[in-house]
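S.K.: give me a model of this one.
(3 chains)
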Amino acid sequence: MEKLVFYYLAFAMIASGIGAVVSRNPVHTVLFVLGLVLHQALLLFTLGSEFLAAVQVIVYAGAVLVLFLFVVYLINLKKETLKRRFIKNFSPCFLIFLLFTLIVVKTLLFLPALTSHFKARLPFPKGGSPLYFMAKNLFQTYLFQFELIGVVLLVVVLGAVFLLRRLDNPSEEGK
Amino acid sequence: MGAEIKIIIAAIPILPLLASVITLILGRRFFKEASFVLPVLGILISFFFSLFVLSQVLHGKTFEFDLFAWIVSDSLKVGFGFLIDSLSIMMVCMVLSLSLLIHIYSIGYMEGDPGFYRFFAYISLFTFSMLALVMSNNLLQLYLGWEAVGLCSYLLIGFWYEKKSAADAAKKAFIVNRIGDFGFALGIFLLFSAVGGLYYHQVFDNLPLIQGKTISFLGIKWSLPFLISFLLFMGAMGKSAQVPLHVWLPDAMEGPTPVSALIHAATMVTAGVFMVARLHPLYLISPGALELVALTGTFTCFMAATIAPTQFDIKRVIAYSTLSQLGYMFMACGVGAFAAGMFHLFTHAYFKALLFLAAGSVIHAFHHAPDPNDIRIMGGLRKYMPYTFFTFLIGALALSGFPGFSGFFSKEGILISAYLSPYPWGKLVWLVGVFVAFLTSFYSFRLVFVVFFGEFRGGSIFHGEKPHESPLVMVIPLMLISVGAIFAGYLDIPGFLKSTLAHEPVHPHHGEHFFQNLLALIAGLSGILVAWWVYIKNPELKELFPRKFPGIYRFLYNKWWFDEVYHEVIVKPVLFLSRRLVVGFSDLFVIEGIVNGSARVVGGIAGAFRRVHTGIVNHYAVFTLIGIIIYLLVFFYLK
Amino acid sequence: MIPFSYYVILAITLIFIGIFGMVFRRNLIVMCACIEIVINALIVLFAAISYFHRDTTGYIVVFFLIAMAAAEAAVGLTLIVLLYKKQRAIHSEEVSELKG
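M.R.: Down below sits the predicted model:
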């Protein structure tokens, strides 16, 4: 059962990933990525973190991808997307990508050695759920980083607002 | 030695420093017209502290301690420390009392100047530097103070920097001083390598080690004590304006008059004399260096005294007189009479500061004139500026060595010490000294008679009005300093310094050597008489000398052509060479070659690599991918 | 019981797909989406490490990654909108002012 669930999720993620890359319409791309994200939330659930699954659904699916959709609809370039060949004949890039593939495949051969010490599944410390320990870690050891990411998000919000506000003002355009 | 006294001693230099820094930072925005408060307050407190320390020293105590270790490196250890003995406390009290009075004087003199706060910050910084110099217990701190007073002097000479002559004079002072300081630094290095320490007590304890040693340099064997003393004396020549490095001091009169009084007459220029006195054991083991000091002093003394009577700028006359008096001090040091030299330094500080400040008071009254320093537009000021006249007269009398005034005692001490000295050049020094005493009183009373007697000649400048006395804030310091100028001579400074300058030859009692004393006295009085004869009784006589001996007159009027000779011999060749070298060779070949060459190399490489920049984001992603590939290859296969 | 290496393979495959898209797609929005795919692969990897290692640090990294992805998407999309408004361009070959 466990394996079946994993196989289904892995297959669905890879398939929607490929779909996202090959689809010509950006709307489809975004929808495929949405599928990928939702399946990944389920995967996180099976990996023992309900909290992260919820965050994944709320933030990724609920905020980021909706933002993508908004942008796609805002720009709406159906015509132009259709007229392009989506893989251009560009051999140097292709060669390099092939080289990369080769190396990654070669690297995969090291995998057993790399993952051997992950075999022993230790129990989580007693006295609370994984979420409890995660929260404790997050708000004690990594408190500073937590605050920092808050500042980063704030700066991003301000930056985005600032960048787009300037353009709305026609007198400042072209500066 | 208690901790309190240490704190008090350390506070003496630090208070002016704090006042200076705060005033410099906050002065322009916040203090403005009240900028003088902090510096005056800081120096007042320091002055009281120094009086307290003086009372301790009078009880026979000396203090030596380090505030903190400054440099510690193997055998080199230098601290920021203080050595308080009779020599340094004398200097400290003198510097602080004069500095205090001149600060107060400057409140009136500098009033309304846009750089008011800057002036007080600088002059306070100068006080700190001078105190650090005289209170130091090691040579490196002495050097620090030495350079810092040079810096303050530069800043204050160029205080009115928008005036080209002032900026030039500041540069000149700084550059000429650098030549001396270069030698001074070399002397310190040589002393350290010879003695292995920079504290005075280390130097003095190890003097037997270097006595009679020689050092080979440029194939010539030099006596080590002579070489060290000579190099250190180079610094003194620069700072105390002795020939051949004296050219900066007359030009330094471009600065505000209180600065001339404090820095270029009373304190900074005496640093060289102080240094020689401080290191007197070193000079005593090297007769050659002593001879050099004596001859330099004698020559400067004579030369400056001959130039002074030909000048028409009131401050320049006094500046040349300063040169001449500094020569006296070095003469005294050169015949081994260090205490007599320091005594003259002490009295000279008061009466020369007095002369400058009184001259400043006159200049202040004439500040509308195109050249307020020119004595030819003055005259008859006795009636309009009585206080200034009396204080100036006191200064002139003291400078001429009139009996009962301070200069009389110290000058007499120097001349007698020179006459009695065991060194063979003592008699020559004495002879020149007596002759210069005549010239000194002649030119100082020339000033008195031309400026304060006769008819007022500045009517066109004042449009019929009369010049009037300076404000009280200037007159009161003048009076206080004139008290010092009269009575400084009655203090037994040589006796007080005996504990420090122990190598003093026995001081003769008054009454002995009556003939020599009388001769010096007669020389001084006849100078006054001649001045009176020439400038009051028969005014047409003053044209006599220039008419009869035009060559000599021009020679003296042009200050022995030192500036011109330097310009021809040093400045022009240097400029010529540097133009040739810099413009002809390095600019065209080296610099332009490097600049254009590097640009061409960069251009070539960029031309080859510019095709990489396609402007398409995907290709940049590919480059990132190449980076990742290289990283993975290194990580897995080259580890 | 699924071995850890399966998760690694899954993550590598997703990264692969994302990079493929980055290199070969010309639509800037799609390229942004490909970045999201790569980040998702990393999330899988970190969560798996945390799960197998019994250490919550990996989860915390995932948490930060999601926040970072949100920030990155916001900035990237803002720039794309800006570019579109200025140049009416949304494909990478149309924007080649930086060509050397």
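S.K.: wait, residue B:426 touches residue B:415, no?
M.R.: No - under the criterion of Cβ atoms under 8 Å, residue B:426 makes no contact with residue B:415, lying 10.2 Å away. Every residue, glycine included, has its C-beta placed from N, CA and C.
S.K.: between those two, which one's more packed in?
M.R.: residue B:415 (29 against 20; other Cβ atoms under 10 Å in any protein chain shown).
S.K.: and that one, what pLDDT?
M.R.: Per-residue pLDDT puts residue B:415 at 87.
S.K.: let me have the helix or strand hosting it in CSV, keeping just the CA atoms, if that works.
M.R.: Secondary structure from DSSP states H and E places residue B:415 in helix B:406-420. In CSV, the C-alpha atoms belonging to helix B:406-420 read as follows (Å, rounded to 0.1, in the frame of the first residue of the first chain):
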residue,chain,number,x,y,z
SER,B,406,63.4,90.0,32.6
GLY,B,407,65.5,90.0,29.5
PHE,B,408,68.3,91.6,31.3
PHE,B,409,68.8,88.7,33.7
SER,B,410,68.6,85.9,31.2
LYS,B,411,70.7,87.6,28.5
GLU,B,412,73.4,88.5,31.1
GLY,B,413,73.4,84.9,32.2
ILE,B,414,74.0,83.6,28.7
LEU,B,415,76.7,86.1,27.9
ILE,B,416,78.6,85.4,31.2
SER,B,417,78.2,81.6,30.7
ALA,B,418,79.6,82.0,27.2
TYR,B,419,82.5,84.1,28.4
LEU,B,420,83.4,81.6,31.2
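S.K.: give the next helix or strand downstream of it.
M.R.: helix B:426-452.
S.K.: which parts of chain C are helices?
M.R.: Here chain C has its helices, by DSSP state H, at C:4-24, C:28-53, C:57-87.
S.K.: return the most buried member of these.
M.R.: With neighbours taken as mean count of other Cβ atoms under 10 Å in any protein chain shown, the helices of chain C reach their highest mean count in helix C:28-53, at a mean of 23.
S.K.: number of residues surrounding the residue lying closest to residue B:542 once chain neighbours are set aside?
M.R.: The shortest distance from residue B:542 to any non-neighbouring residue, by Cβ to Cβ, 6 or more residues apart in numbering or on different chains, is to residue B:534 (5.3 Å). When neighbours are counted by other Cβ under 10 Å, residue B:534 registers 21.
S.K.: which pLDDT value belongs to the closest residue in space to residue B:238 that isn't next to it in sequence?
M.R.: Ranked by Cβ to Cβ, 6+ apart and with sequence neighbours excluded, the top spatial neighbour of residue B:238 is residue B:180, at 1.9 Å. Looking at residue B:180, its pLDDT reads 90.
S.K.: wait, residue B:180 sits on residue B:241?
M.R.: No - between residue B:180 and residue B:241 there is no contact under Cβ under 8 Å: 9.4 Å.
S.K.: between these two, who's got more neighbours?
M.R.: residue B:241 (29 against 26).
S.K.: so how far is chain A from the nearest residue to the more buried one once chain neighbours are set aside?
M.R.: Leaving aside its sequence neighbours, residue B:241 sits nearest to residue B:249 (Cβ to Cβ, 6+ apart; 3.9 Å). Residue B:249 sits 60 Å away from chain A, going by Cβ to the nearest Cβ, to the nearest Å.
S.K.: is the residue positioned nearest the centre of chain A in a helix, a strand, or coil?
M.R.: Geometric centre of chain A, nearest residue: residue A:37, 7.0 Å, by Cα atoms, centre = their mean. Three-state assignment for residue A:37 (DSSP: H, G, I helix; E, B strand; the rest coil): helix.
S.K.: how about the residues of chain A by chain B?
M.R.: Within chain A, the residues that sit near chain B (Cβ under 8 Å from any Cβ of the partner chain) are A:92, A:93, A:96, A:97, A:99, A:100, A:103, A:104, A:106, A:107, A:110.
S.K.: among the residues you listed, which ones are buried?
M.R.: A:93, A:96, A:97, A:100, A:103, A:104 (16 or more other Cβ atoms under 10 Å in any protein chain shown).
S.K.: and the residues you listed as TSV, adding secondary structure and distance to residue B:75?
M.R.: Shown next, in TSV, are those (DSSP: H, G, I helix; E, B strand; the rest coil; distance: Cβ to Cβ, whole Å):
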residue	secondary structure	distance to residue B:75
A:93	helix	67
A:96	helix	63
A:97	helix	67
A:100	helix	63
A:103	helix	61
A:104	helix	64
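S.K.: part of a helix, is residue B:222?
M.R.: No - according to three-state DSSP, residue B:222 belongs to no helix; its state is strand.
S.K.: let's have the residues of chain A next to chain B in a markdown table, adding distance to residue B:148.
M.R.: Below are the residues of chain A next to chain B laid out as a markdown table (distance: Cβ to Cβ, whole Å):
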| residue | distance to residue B:148 |
| --- | --- |
| A:92 | 67 |
| A:93 | 67 |
| A:96 | 65 |
| A:97 | 68 |
| A:99 | 67 |
| A:100 | 66 |
| A:103 | 66 |
| A:104 | 68 |
| A:106 | 70 |
| A:107 | 67 |
| A:110 | 68 |
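S.K.: tabulate those residues (a markdown table), appending pLDDT.
M.R.: Shown next, in a markdown table, are those (pLDDT from 0 to 100):
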| residue | pLDDT |
| --- | --- |
| A:92 | 72 |
| A:93 | 73 |
| A:96 | 80 |
| A:97 | 81 |
| A:99 | 83 |
| A:100 | 83 |
| A:103 | 81 |
| A:104 | 80 |
| A:106 | 76 |
| A:107 | 73 |
| A:110 | 71 |
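S.K.: residue A:159: which of these is nearest?
M.R.: Taking Cβ to Cβ as the measure, residue A:159 lies nearest residue A:93 of these, at 31.4 Å.
S.K.: ok, and for whatever helix or strand residue A:152 lives in, which residues are buried?
M.R.: In the assignment (DSSP H and E), residue A:152 maps to helix A:143-168. By neighbour count on 16+ other Cβ under 10 Å, the buried set for helix A:143-168 is A:146, A:149, A:152, A:156, A:160.
S.K.: and what of stretch B:55-74?
M.R.: Across stretch B:55-74, burial judged by 16+ other Cβ under 10 Å covers B:56, B:57, B:62, B:63, B:66, B:67.
S.K.: what is the nearest of the residues you listed to residue A:5?
M.R.: Each of these was checked against residue A:5 using Cβ to Cβ; the closest is residue B:67, at 77.3 Å.
S.K.: just confirm the closest one is within a helix.
M.R.: No - looking at residue B:67 with three-state DSSP, it is strand, so not inside a helix.
S.K.: okay, now residue B:217: neighbour count?
M.R.: 10.
S.K.: gap between the helix or strand hosting the residue nearest to residue B:238 and the chain center?
M.R.: Element membership for residue B:180, per DSSP H and E: helix B:164-195. Relative to the centre of its chain, helix B:164-195 is centred 12 Å away, using Cα atoms, centre = their mean, to the nearest Å.
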